[in-house]
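*Asks:* need a structure here:
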Amino acid sequence: MARYTGPKTKISRIFGEPILGNGKWLNKNSNPPGMHGAQRKRKTLGEYALQLREKQKAKYTYGVLEKQFRKTFEEAARRKGVTGENLIKLLEARLDNTIYRLGIAPSRPAARQLVSHKHITVNGDVVNVPSFQLRAGDVISVKESSKGRTSITGPMGAKNPKFNWLDWSEADMKGTFITYPERESVPENIKEQLIVELYSK
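*Replies:* Sure thing, here's the model as predicted:
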């Protein structure tokens, strides 16, 4: 599957925030990409442009391509409740995102690689699909034969902040997806209502 492999800072400069990880370079150059930098005269974004920009931000943040993102949105629209909040909940319930949230991997791309290389189990079974949707009560663990690998245990030193919808046991290298998160608990700066309006056109 195609993935963005270009400069992360370039994407961060487009949105003006570190959506792909470390944002230290934004302090040096926070201008949008382009040959004229800050001197270029930029138009005020219209309604459609703002909606599209928000969708692109969500796609880059969670590492999801267009077709899969639309399917996730359609599933969110089918569920009861607010469509925008359902969309964020489904994106947060992806296996690769949960691996990142638990602190097993330092980034979502790294988490995706761990899953693809069959280092992760869900309820005791190896799962190699990064987009696997977790359900309440699912237990995520590092595969027994992979627990001794320094490539896995090394990045686990820097833990992510604790999230109330996840439970993590350092000793067992095992976590539990307790429930879908509430929107206010998710730290990502995404205006999901704009995405809903875009797909409603």
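*Asks:* Find the helix or strand that residue 180 is a member of.
*Replies:* Per DSSP states H and E: residue 180 is located in neither a helix nor a strand.
*Asks:* For the spatially closest residue to it that is not a sequence neighbour, which residues are in contact?
*Replies:* Of all residues not flanking residue 180 in the chain, residue 89 sits nearest, at 4.3 Å (CB to CB, 6 or more residues apart in numbering). C-beta coordinates here come from the backbone N, C-alpha and C atoms, glycine included. Counting by CB atoms under 8 Å, 6 or more residues apart in numbering, residue 89 touches 76, 180-181, 183.
*Asks:* Would you mind checking which of those is nearest to residue 114?
*Replies:* Checking the contacts of residue 89 against residue 114 with CB to CB, the nearest one is residue 181 at 21.3 Å.
*Asks:* what's the neighbour count on the closest residue to residue 173 other than its chain neighbours?
*Replies:* Among residues not flanking residue 173 along the chain, residue 142 sits closest, at 4.5 Å (CB to CB, 6+ apart). Other residues near residue 142 come to 23 when the count uses other CB atoms under 10 Å.
*Asks:* Spit out the contact partners of residue 142.
*Replies:* Applying CB under 8 Å, 6+ apart, the residues near residue 142 are 104, 119-121, 152, 173-174.
*Asks:* Buried only: go through those residues for me.
*Replies:* Buried by 16 or more other CB atoms under 10 Å: 104, 119-121, 152, 173, out of those.
*Asks:* Could you work out the most separated pair of these?
*Replies:* Pairwise distances across those (CB to CB) peak at 12.9 Å, for the pair 121 and 152.
*Asks:* Quick check: the spatially most central residue of the chain vs residue 111, distance?
*Replies:* Centroid-nearest residue in the chain: residue 62, 2.9 Å away (criterion: CA atoms, centre = their mean). Distance from residue 62 to residue 111, counting by CB to CB, to the nearest Å: 11 Å.
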